[in-house]
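**Q** Let me see the structure of the following:
(4 chains)
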2 protein chains.
Amino acid sequence: MPTIRDVAQHAGVAPSTVSYVFNGSRPISEETRRRVQEAVDALGYHPRASARTLRSSRTHVIALALPRPAGRRNAVDGPFAIAVSDAAVRLGYDLLLTTSQDKAEGLRRVALSGLADAAVLMAVDMEDARIDVVRELAFPAALIGRPADEDALPWTDLDWEEAAALAVRELAAAGHREMVYLAPTEEEVAGRRSYALRGIAGAARGARGTGATVTVAHAVDDPAEVARRLRGLLVERADGGARERPTALIVQHPSAHHHILTSMTDAGLRTPEDLTVVVIGAVPGDLSGRRLPRVELPVETLAGEVTRLAVTAATALRENTAGDAEAGPRLLADTVGHLLIAPALLPGDTPLTAPRA
Amino acid sequence: MPTIRDVAQHAGVAPSTVSYVFNGSRPISEETRRRVQEAVDALGYHPRASARTLRSSRTHVIALALPRPAGRRNAVDGPFAIAVSDAAVRLGYDLLLTTSQDKAEGLRRVALSGLADAAVLMAVDMEDARIDVVRELAFPAALIGRPADEDALPWTDLDWEEAAALAVRELAAAGHREMVYLAPTEEEVAGRRSYALRGIAGAARGARGTGATVTVAHAVDDPAEVARRLRGLLVERADGGARERPTALIVQHPSAHHHILTSMTDAGLRTPEDLTVVVIGAVPGDLSGRRLPRVELPVETLAGEVTRLAVTAATALRENTAGDAEAGPRLLADTVGHLLIAPALLPGDTPLTAPRA
DNA sequence: AGGGGGCATCGAATCGATTCGACGAACCGA
DNA sequence: TCGGTTCGTCGAATCGATTCGATGCCCCCT
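**A** Purely as a prediction, here's the structure:
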């Protein structure tokens, strides 16, 4: 494998000159540039990433920290990982995928061994151990998901609260009085997953002042069990009919999106005849069955923005901490900012209007 | 950030001694080992990956080459990527995710710049440009998917042909005479995707000698269109009833798995009353609706094996080419071997037996 | 004619680990 | 007591780039 010395020799210049040709940090004459380029082509030269990194302490790699709570499979992790990778490539970075059972361990190792310039943190909890890790190490990072402490690090997220509120408001405006909010699983709520708590809060907020009532139920991964819960809420009516029968269902759990129609069929319910169904957080292009009204999760947008935020943080840290050891943590704290994506309620094949009175 | 020199100084030994403590390549006294360990803990030392790599030319990174044909979203890519990452971590490697529109470009860059020790290639076509790239560069690689040239590189795959044949045979044995094989999309067949071609071939093979007839139809991503095709094949009967009505449906397209039940509902078909449905290549735990009889795609197994193959190839190449420049390509050609996973037909909630005569 | 200032390039130091040859000490057998 | 091992450690070279100070050259202005 040829090195920069070989190229220099072949072109009749010094190695440093070849380096300048590559990264343009000093002026180079057109003639020299051409000769170097010829040598590069002739020898098939490609710079060794490790040498480059060792000297310049830049890796051109972004780490994606993907926590993997044992056994759980998440429908959105994969698309997100791929979208972040695409975004990174567009910005001239490669992506290192860090999955570890222990949420913080892999991330700490990657940061300490200098494998990446910045990190993107997925599936953020309200209080997330990884946030403490990157702050302690003064490692540039950006989050997909809105943490409780909004000023700790740059982040971007869909405005889940407004998404849920929007769905409730629109359904109320269309005449629904009783709705069911099928929220993420109880485990996710107990784990203080940001999007789960905010979605539920938004549903309550959206109902306020409309006169509509929203009952929160929790999803499970098993379609049959979802069907059973739906039946309990919508058909058998535990309260014996003291309240009106719900006419709208809002589904936030990603794994339930896939099979909600099947679960409804199992429960003996049809849409839109018996129930208007709105999906929140649908992965674009991933909707099973008929196109339901929905708020999509803007995967590409979020991935693009979070990657940009991470790169910006890395750049800011590199440029502003030269010679100032204290600047790092301070900088990460108030750098770069946040981006909350406003939800849009997309129409489906079925209307929002309430089923017959 | 402390370096190996700082640790050496703190422990009162030479840097080389610290290195030996870390990677155990020479005997170290218990006393020295303890002192070094203390210094490491006291200073919070962690070796810099780039320096390590530069000197030893080992990265402890595996690249995952994930081709992204523009616009197509694949339900299995994400789970595979995550599973390969898990497997890599278990073997002491990190995973670099390489997605590029142009299938070979990212891979070539990663190999040439020495970012990884080996590559795992996903979504392999029968003839795949990336195979030529890694062979040309003598870069250790293993494939998920069975290429036409089986001896070019190590690979592992589900035996799709046998999976389809198995499903057909079992259905025939249960009394079905006419079946529909809902295969991957026409684009995938035209692109010579390995699993698509082999599945279709297997369906034909499985029918041989059983007296059963298998009609191949192609899936599409749009559930409504799938419903229309099912109706054409199973209800409206283009041939005007010259043949018996199909009683079994085998679904191989991963995106159709999600919504096959909804599509059937739309087509006015029920299972098992009207039609026995078998799914091939289901992602474990991802089945929507009732648990249909199925051959699962052993994602964890395949990911684990392909990672092992890639690491083995890297090790073999490193150990056997010392001083022998010609050995590389030759070694990759006949090293390590293949692993074809035998399919298992898992029972669902519904039996395989034919609907009423 | 002489001095000042850019421009283009060179040479050498440097990043932080690994690895190999050498060397002192301890131990063994003859 | 002496030569030969073995064990544990050291020192120095090395991997392949980047980066900075120095330098030569040409041009322009006074």
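
**Q** Please list the outside residues in contact with the helix or strand where residue A:310 lies.
**A** Counting by DSSP states H and E, the element that carries residue A:310 is helix A:299-320. Residues from elsewhere that reach helix A:299-320, judged by Cβ atoms under 8 Å, 6 or more residues apart in numbering or on different chains: A:58, A:62, A:76, A:79-80, A:83-84, A:86-88, A:90-91, A:93, A:117-120, A:138, A:140-144, A:153-158, A:283-284, A:327-328, A:331-332, A:335-337, A:339, A:341. Where you see a C-beta, it was placed from the backbone N, CA and C, and this is true even at glycine.

**Q** same thing but 6 Å
**A** For helix A:299-320, the surrounding residues in contact (Cβ atoms under 6 Å, 6 or more residues apart in numbering or on different chains) are A:62, A:79, A:83-84, A:87-88, A:91, A:117-118, A:120, A:140, A:142, A:144, A:154, A:156, A:327, A:331, A:335-336, A:339.

**Q** swap in stretch A:16-25?
**A** Contacts of stretch A:16-25 (Cβ under 6 Å, 6+ apart): A:4, A:7, A:8, A:26, A:28, A:33, A:36.

**Q** Could you list which residues are in contact with the closest residue to the third one other than its chain neighbours?
**A** Distances taken as Cβ to Cβ, 6 or more residues apart in numbering or on different chains put residue A:15 closest to residue A:8, at 4.4 Å, once the chain neighbours are dropped. The neighbourhood of residue A:15, defined by Cβ under 6 Å, 6+ apart, consists of A:4, A:5, A:8.

**Q** With residue A:67 instead?
**A** Residue A:67 neighbours (Cβ under 6 Å, 6+ apart): A:103, A:123.

**Q** Distance-wise, check it relative to residue A:309.
**A** Going from residue A:67 to residue A:309 by Cβ to Cβ, to the nearest Å gives 19 Å.

**Q** For the stretch 1-150 of chain A, which residues are neighbours of chain B?
**A** Residues of the stretch 1-150 of chain A lying close to chain B (Cβ under 6 Å from any Cβ of the partner chain) are A:46, A:48-51, A:53-54, A:73, A:78-79, A:82, A:85-86, A:94-97, A:99, A:112-115.

**Q** Narrow those residues to just the buried residues.
**A** Using 16 or more other Cβ atoms under 10 Å in any protein chain shown as the burial test, these include A:48-51, A:53-54, A:73, A:78-79, A:82, A:85-86, A:94-97, A:99, A:112-115 as buried.

**Q** can you count the residues close to the residue in the stretch 151-300 of chain A that DNA strand D sits nearest to?
**A** With Cβ to the nearest atom of the strand as the measure, residue A:154 is the residue of the stretch 151-300 of chain A nearest to DNA strand D, at 24.7 Å. By other Cβ atoms under 10 Å in any protein chain shown, the residues close to residue A:154 number 25.

**Q** And it, its phi and psi?
**A** Note on residue A:154: backbone dihedrals following degrees, to the nearest 10 are phi -70, psi 140.

**Q** now do residue A:64
**A** Backbone torsions for residue A:64, taken as degrees, to the nearest 10, come to phi -110, psi 110.

**Q** Identify the bridge partners of it.
**A** Taking DSSP bridges, one obtains residue A:97, residue A:120 as the residues bridged to residue A:64.

**Q** picking that back up, surely the residue of the stretch 151-300 of chain A closest to DNA strand D and residue A:142 touch.
**A** Yes. Assessed by Cβ atoms under 6 Å, residue A:154 is found in contact with residue A:142 at 4.5 Å.

**Q** In contact with the residue nearest the centre of chain A, which residues?
**A** Centroid check for chain A by Cα atoms, centre = their mean gives residue A:144 as the closest residue, at 4.0 Å. Applying Cβ under 6 Å, 6+ apart, we find residue A:144 in contact with A:122, A:302, A:306.

**Q** Also residue A:114?
**A** B:48, B:49.

**Q** State the distance from it to residue A:96.
**A** 12 Å.

**Q** what do you get for residue A:230?
**A** The gap separating residue A:230 from residue A:96 is 42 Å, by Cβ to Cβ.

**Q** go on, residue A:204?
**A** In terms of Cβ to Cβ, residue A:204 sits 40 Å off from residue A:96.

**Q** try residue A:34
**A** With Cβ to Cβ as the criterion, residue A:34 and residue A:96 are 36 Å apart.

**Q** now residue A:349: how far from chain B?
**A** 9 Å (Cβ to the nearest Cβ, to the nearest Å).

**Q** Same question for residue A:281.
**A** The spacing between residue A:281 and chain B, counted by Cβ to the nearest Cβ, is 16 Å.

**Q** tell me the contacts of that residue?
**A** Per Cβ under 6 Å, 6+ apart, neighbours of residue A:281: A:252, A:254, A:297.

**Q** Now do the last one: how many residues are near it, please.
**A** Other residues within reach of residue A:297, judged by other Cβ under 10 Å, total 27.

**Q** quick one: pLDDT of it?
**A** Note on residue A:297: pLDDT of 95.

**Q** contacting residues for it?
**A** A:158, A:281, A:283.

**Q** Most widely separated two among the contacts of stretch A:16-25?
**A** A:7 and A:26 (16.7 Å; Cβ to Cβ).

**Q** more crowded one of the two?
**A** It is residue A:7, of residue A:7 and residue A:26, that has more neighbours when counted by other Cβ under 10 Å, with 27 against 10.
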